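Trainee: Here is a sequence together with a model predicted from it:
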Amino acid sequence: MYQQQPYQQPLTNPGVMPGNPLQVVPRARPLFRGGTHAAQNGIRGYYDECCCGMRPGTGPNVPPHWLDGGHGWATAHFFDVEPFDFNLQTPGRHQCKYCNFVADGEEGCCGKGACWCPLGLAPFKMVDHLAANHGLVAPPMRDWATSCTDTEGLCDACFCWQCQASRQINAAHGYINQLNPFWCLYFTCAGGRHHDHSGQEVHVGCHCMAAFLTRQSIKQLNRIDEDCCTTLAMSICCPICSLAQTYREFSASGVWPGGICVGDAPPMIAMNNPPANWAPPMAVQPQTGGYQKVY
Ligand SMILES: [Zn+2]
């Protein structure tokens with residue numbers, strides 16, 4: 001007879017004896033620069049307390065390789081001495097697994113209280129330390145899985161871009177094939193006004209902002225080799241093509257955003273230079289029972 005197993009809290013900081021690098025311990029969970037706008041913070045589940053749907057927190061389908069996004073790869077070589085915590089106002093202290101070096105997150109000069117401001121400097125210190133003392137460098141960057149001129153997903157990006165962008169924001173938080181009504185409405189209502197050739201005032205939705213947010217997120221999470229100027233230029237000059245390209249990139253990562261015109265199954269797209277633990281998009285996605293954070 002089937003018996004339900006009790007939910008087990010994942011070990012976050014079991015402690016480790018310094019000088020015993022072979023002991024397997026979880027990776028550190030520092031705050032990254034950029035707060036809510038850093039995709040690396042989103043997948044680590046710092047902002048899961050809001051009920052408006054704007055910050056969905058860590059979903060059930062976060063691909064493991066996303067934890068290596070940006071400077072995230074360095075966190076596998078550290079463990080938490082004191083976890084970063086908004087509620088306790090601790091900026092986080094994280095120790096190297098191979099020596100006694102501690103990278104701390106630091107906090108702003110206003111002190112504790114309502115305006116407490118964590119700086120998120122630990123990941124930078126980790127990267128510097130690993131390079132200088134252990135000869136460890138960042139894994140190679142990737143190119144986009146598909147060119148920006150491909151057409152897969154273009155229909156949704158063109159005719160229902162608010163809906164598609166909101167789906168991609170959910171995908172960046174680890175949710176497959178899910179519309180986010182809040183972001184959909186926001187992208188529709190936010191934006192600017194301009195006068196057309198007949199002097200009529202018209203509302204212009206913010207395609208560019210939607211394209212920039214999604215492009216910046218997936219660029220960080222998949223370690224895509226693209227500089228900020230190109231990201232900005234693509235978002236401003238060609239937001240529709242950019243939304244279609246990021247749709248394909250999320251799909252290749254195993255977190256399919258879904259859409260109206262894209263059918264009911266993820267497209268077969270392979271990641272460029274895929275990580276060792278990459279799962280092809282058509283593979284059955286493992287679903288864990290209940291809500292579980294990924295560290
Ligand atoms: Zn070290």
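Mentor: Perfect, thanks for sending it.
Trainee: what's the distance between residue 142 and residue 103?
Mentor: 26 Å (C-beta to C-beta, to the nearest Å). Bear in mind the C-beta positions are built from the backbone N, C-alpha and C, glycine included.
Trainee: Between the two, which is the more surrounded one?
Mentor: Between residue 142 and residue 103, counted using other C-beta atoms under 10 Å, the more crowded position is residue 103 (26 against 18).
Trainee: Surely the more buried one is within a strand?
Mentor: Yes. Secondary structure of residue 103 (DSSP: H, G, I helix; E, B strand; the rest coil): part of a strand.
Trainee: okay, the closest residue to it other than its chain neighbours: pLDDT?
Mentor: Counting by C-beta to C-beta, 6 or more residues apart in numbering, residue 103 lies nearest to residue 125, which is 3.9 Å off, once chain neighbours are set aside. Listed pLDDT for residue 125 reads 97.
Trainee: Just checking, which helix or strand succeeds the worst-scoring helix or strand of the chain on mean pLDDT along the chain?
Mentor: In the chain, no helix or strand scores lower on mean pLDDT, DSSP states H and E than strand 201-204, which sits at a mean of 67. Sequence-wise, the next helix or strand downstream of strand 201-204 (DSSP states H and E) is helix 207-221.
Trainee: could you say what helices and strands that next one packs with?
Mentor: helix 39-43, helix 161-172, helix 228-237, helix 239-253 (3 or more C-beta pairs under 8 Å, 6 or more residues apart in numbering; DSSP states H and E).
Trainee: Show me which parts of it are buried, residue by residue.
Mentor: 207-221 (16 or more other C-beta atoms under 10 Å).
Trainee: Stretch 87-105 too?
Mentor: Applying 16+ other C-beta under 10 Å to stretch 87-105 flags 90-98, 101, 103-105 as buried.
Trainee: Show the average pLDDT along it.
Mentor: Across stretch 87-105, pLDDT averages out at 93.
Trainee: So is it next to the ion?
Mentor: Yes. Shown here: stretch 87-105 in contact with the ion (C-beta under 5 Å from the ion) through 96, 98, 99, 101.
Trainee: can you give me the end-to-end distance of that stretch?
Mentor: Start and end residues of stretch 87-105 are separated by 15 Å (C-alpha to C-alpha, to the nearest Å).
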